[in-house]
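Enquirer: fold the following and give me the result.
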Amino acid sequence: MKPLLACAVFASVAIFGLAGCETTTEVREVVPDCSPTQTQGACPAGQECVEGACAESSSLCSTTNLEGDCPSGMTCFAGGCVLETALCSTTNPSGACNIGDTCFGGACVATASLCSATNPSGTCPSGQSCEGGMCVGAVEIPCEQQVYTEQPEIVVRASATVPQTVIEDAEGNDICVPIDDPRVEIEGFAWEGATRGVIAVDGLDFKDSNGNGTLDPYEDWRLREICRARDLVSKMTLDQKIGQMGEGSRFGSNGTSSDCAPADGESDQLVPTNRLDDLVEDHRRPALIRTGQSAQLYARYLNNLNEVAEGLPLGIPVIITADPIHGMRMQSATSCGRGCLETGDQTLSPESNTVSDFPIRWGFGAINDRRVTREAGDIIRQEFMAMGFRWQLGPMADSATEPRWARASPWPCPAASVVIRSIGRSEAVAACSRAVILREFIGLTRPSFSPVDMKTAGYFTPSRI
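Expert: Residues are numbered from 1 along each chain as shown. Next comes the predicted model:
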């Protein structure tokens with residue numbers, strides 16, 4: 001704050017004791033100028049701060065300047081800056097192409113020219129033929145080719161101690177025991193986390209996820225994701241594959257409340273025995289969590305979940321997801337199981353008390369400020385990552401014509417592509433990246449939904465988007 005004198009002070013004022021000057025206060029927001037150390041700093045009107053220097057907004061990549069400038073290492077694609085390595089190429093045969101094109105053999109070709117139900121004589125990969133609108137034959141992918149070179153951080157357990165859980169003793173008291181204790185009563189359970197370490201190959205480190213001391217293709221971060229996935233699937237049992245195909249609230253929202261080694265006054269958040277059943281016997285891995293606990297407890301619980309999963313066959317991690325939870329929204333009840341007066345009631349409430357409260361609806365398209373949009377997306381990414389969430393059921397990328405529809409709330413409007421890049425990041429194997437799923441789905445509806453009947457307002461018909 002800066003005091004401003006409303007009148008001049010002369011020597012005669014002091015002499016005659018006329019101290020009648022008024023003092024007012026002016027509040028000014030000071031934003032540092034754009035510089036190499038202030039990469040989000042201020043620039044003159046019509047300019048934006050890019051890599052620490054002001055650049056003309058009109059020269060930057062945007063939906064109106066598809067050949068505009070981007071930060072180093074990125075290129076303008078469909079009106080947004082993306083990593084050059086994310087585009088279709090011979091080293092990324094599944095990379096992105098412009099709308100209407102598909103990456104085929106490492107090059108973008110017209111989608112309409114490819115084999116499909118509407119083009120039964122279209123082009124197929126080498127060695128395949130188009131039959132009935134489908135390419136038939138083997139697809140050769142050079143899985144021996146190493147496409148990633150930067151060493152990621154490899155983290156393994158520092159202790160060989162078996163994780164613990166809580167059971168009741170004969171007197172009904174809670175006691176802490178190792179998860180492989182016979183009293184846990186999980187059939188055929190053997191935890192092998194103590195054998196999972198690091199494999200050194202060609203001067204690089206790899207996680208020995210299955211503990212066999214050999215670098216298997218699915219453990220080799222240098223290979224394409226599809227190649228690693230194929231190798232992993234080939235090693236999985238049918239039950240393990242089924243466990244990967246469901247996503248529900250299988251692991252609850254928290255661990256045990258009992259302390260086995262209380263050191264900080266907070267519960268250990270150990271994996272309960274019924275959740276061990278889901279991990280071990282049902283081979284569950286993807287799961288949805290409804291937030292409501294503290295971020296610290298989530299991080300502790302999810303670390304414990306993955307500590308157990310790491311010691312199971314193949315070392316497949318638990319992947320936790322959540323809906324968009326940043327902000328306030330109107331929620332519609334589709335049933336009366338939550339204390340509603342009747343189906344269709346709406347209340348204003350925070351999505352979660354765990355993370356930052358953002359205003360909803362976001363309206364980033366109306367703001368039209370890529371810096372603000374990226375900053376918001378990055379905050380979401382950091383907060384989810386800190387809790388151990390590596391997957392989000394969002395962002396929303398629809399346009400609503402029915403303002404009473406409850407799920408119109410979390411939509412970021414036309415800036416969805418920027419939000420996706422901010423929340424998920426673009427690096428395919430980056431340790432700080434998250435998977436995101438663009439929502440919603442056209443045609444997800446219930447017969448009773450109509451402009452008047454909002455009882456199933458969590459769903460919509462094509463006329464709603």
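Enquirer: every contact and neighbour count from this point should use C-alpha atoms.
Expert: Noted.
Enquirer: secondary structure of Gly252: a strand, I assume?
Expert: No. Gly252 sits outside any strand when classified using DSSP: H, G, I helix; E, B strand; the rest coil, being coil.
Enquirer: got the contact list for it?
Expert: Residues near Gly252 by Cα atoms under 8 Å, 6 or more residues apart in numbering: Ile289.
Enquirer: now Ser89. Nearest residue, chain neighbours left out?
Expert: Once flanking residues are discounted, Ser89 sits nearest to Gly106: 4.4 Å by Cα to Cα, 6 or more residues apart in numbering.
Enquirer: residues in contact with the one you found?
Expert: Here Gly106 is in contact with 88-94 (Cα under 8 Å, 6+ apart).
Enquirer: and those residues, which are buried?
Expert: 88-89, 91-94 (16 or more other Cα atoms under 10 Å).
Enquirer: quick one: which of those residues sit in strands?
Expert: When the buried ones among the contacts of Gly106 are checked against strands using DSSP state E, none is located there.
Enquirer: what's the most distant pair in those?
Expert: Longest distance between any two of the buried ones among the contacts of Gly106 is 8.9 Å, between Thr91 and Ser94; criterion Cα to Cα.
Enquirer: could I get the full set of helices for the stretch 1-150 of the chain?
Expert: 11-16 (DSSP state H, counting those that start in this stretch).
Enquirer: now the strands for it?
Expert: Ranges of strands within the stretch 1-150 of the chain are 2-5, 23-26, 47-50, 53-56, 74-77, 80-83, 101-104, 107-110, 129-131, 134-136, based on DSSP state E, counting those that start in this stretch.
Enquirer: which residues does the fourth one contact?
Expert: Applying Cα under 8 Å, 6+ apart, the set of residues contacting strand 53-56 from outside is 34-36, 39, 43-44, 46-49.
Enquirer: among the residues you listed, show me the least confident.
Expert: Minimum pLDDT for the contacts of strand 53-56 is recorded at Thr39 (83).
Enquirer: do you know the pLDDT at the nearest residue to that residue once chain neighbours are set aside?
Expert: Among residues not flanking Thr39 along the chain, Gly52 sits closest, at 4.4 Å (Cα to Cα, 6+ apart). Model confidence at Gly52, given as pLDDT, is 87.
Enquirer: report how many residues lie close to Gly52.
Expert: Number of residues near Gly52 (other Cα atoms under 10 Å) recorded here: 16.
Enquirer: and it, how far from Pro142?
Expert: Computed as Cα to Cα, to the nearest Å, the Gly52 to Pro142 distance reads 40 Å.
Enquirer: and if you look at Gly105?
Expert: Distance, Gly105 to Pro142, using Cα to Cα: 12 Å.
Enquirer: ok, Ile226 next?
Expert: Taking Cα to Cα, one finds Ile226 at 11 Å from Pro142.
Enquirer: between those two, who's got more neighbours?
Expert: Taking neighbours as other Cα under 10 Å, Ile226 and Pro142 compare with Ile226 leading, 13 against 10.
Enquirer: the closest residue in space to Leu223 that isn't next to it in sequence: neighbouring residues, count only.
Expert: Of all residues not flanking Leu223 in the chain, Gln146 sits nearest, at 4.8 Å (Cα to Cα, 6+ apart). Neighbour count for Gln146, taken as other Cα under 10 Å: 13.
Enquirer: what do you get for Asn173?
Expert: Counted by other Cα under 10 Å, the residues lying close to Asn173 total 9.
Enquirer: what's it sitting at in phi/psi?
Expert: The phi/psi pair for Asn173 (degrees, to the nearest 10) reads phi -90, psi 140.
Enquirer: thinking again about what came up before, how close does the residue nearest to Ser89 sit to Thr90?
Expert: In terms of Cα to Cα, Gly106 sits 4 Å off from Thr90.
Enquirer: for Val280, same thing?
Expert: Here Val280 is placed at a distance of 40 Å from Thr90 (Cα to Cα).
Enquirer: and if you look at Cys49?
Expert: 34 Å.
Enquirer: returning to what we had before: isn't the residue nearest to Thr39 right next to Thr37, touching?
Expert: Yes. Under the criterion of Cα atoms under 8 Å, Gly52 makes contact with Thr37 at 6.8 Å.
Enquirer: any low-confidence regions in the stretch 1-150 of the chain?
Expert: Scanning the stretch 1-150 of the chain with the threshold set as pLDDT under 70 gives 1-23, 27-29, 138-140.
Enquirer: among the buried ones among the contacts of Gly106, which one lies nearest to Val201?
Expert: Among those, and counting by Cα to Cα, the member closest to Val201 is Thr91, at 22.5 Å.
Enquirer: report the contact partners of the closest one.
Expert: 106, 147.
Enquirer: how about 10 Å then?
Expert: Taking Cα atoms under 10 Å, 6 or more residues apart in numbering, we find Thr91 in contact with 85, 105-106, 145-148, 224.
Enquirer: got it, and Cys76?
Expert: Contacts of Cys76 (Cα under 10 Å, 6+ apart): 60-63, 65-70, 82-84.
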